[in-house]
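Novice: the sequence and its predicted three-dimensional model are supplied below.
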Amino acid sequence: MAARGKAQWKELLGSGSGCQNDMTMGVVRLKQGESLEPHRHAQPETYFTLSGRGTVTIDGVLHPVDPGRMLFIPGNAQHQINNANEEDLLILYAFAISDFSKIQYHF
């Protein structure tokens with residue numbers, strides 16, 4: 001899993017949660033020193049920072065994130081998350097797709 005980095009996901013809305021709809025939402029948690037390595041997928045995505053501080057890089061542009069910051073990630077844009085801080089970084093993610101398993105990650 002080193003190529004993917006370390007991150008913990010919890011799906012809140014989508015087929016994995018037992019709710020049938022056209023959205024998938026969840027929370028990704030990164031502890032100090034953890035990252036979700038550069039990747040891309042066809043579907044656009046949004047990130048909303050719930051707590052903690054870190055950085056999100058989208059197509060080579062670094063964006064500092066802290067609570068309340070929202071970012072839009074276009075489809076097929078390369079992006080990654082890094083947490084160099086002591087506090088856990090919690091980001092709410094959302095896709096306009098009914099099933100998280102349909103998203104093909106390319107690392």
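Specialist: Here it is on my side, so go on.

Novice: for residue 68, which residues are in contact?
Specialist: 48-49 (Cβ atoms under 8 Å, 6 or more residues apart in numbering). Glycine gets a C-beta too; all of them are placed from N, C-alpha and C.

Novice: so where's the chain shaky on pLDDT?
Specialist: 1-3, 17 (pLDDT under 70).

Novice: which residue is nearest the middle of it?
Specialist: Here the mean C-alpha position of the chain is nearest to the C-alpha of residue 93 (Cα atoms, centre = their mean), at a distance of 5.2 Å.

Novice: you'd agree it is up against residue 46?
Specialist: Yes - with contact defined as Cβ atoms under 8 Å, residue 93 reaches residue 46; the gap is 7.0 Å.

Novice: picking up where we left off before, how much space between the residue nearest to the centre of the chain and residue 86?
Specialist: 23 Å (Cβ to Cβ, to the nearest Å).

Novice: the helix or strand that contains the residue nearest to the centre of the chain: partners in the sheet, and parallel or antiparallel?
Specialist: Here residue 93, judged by DSSP states H and E, is contained in strand 89-95. When pairs are called by DSSP bridges, strand 89-95 turns out to pair with strand 24-30 (antiparallel), strand 45-51 (antiparallel).

Novice: okay, whichever helix or strand comes after the first one in CSV with CA atoms only?
Specialist: Per DSSP H and E, the first helix or strand lying C-terminal to strand 24-30 is strand 35-39. Coordinates of the C-alpha atoms in strand 35-39 are reproduced here as CSV (Å, rounded to 0.1, in the frame of the first residue of the first chain):
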residue,chain,number,x,y,z
SER,A,35,-0.5,11.1,2.8
LEU,A,36,-2.8,10.0,0.1
GLU,A,37,-0.3,9.8,-2.8
PRO,A,38,-0.8,11.4,-6.2
HIS,A,39,-3.7,9.8,-8.1
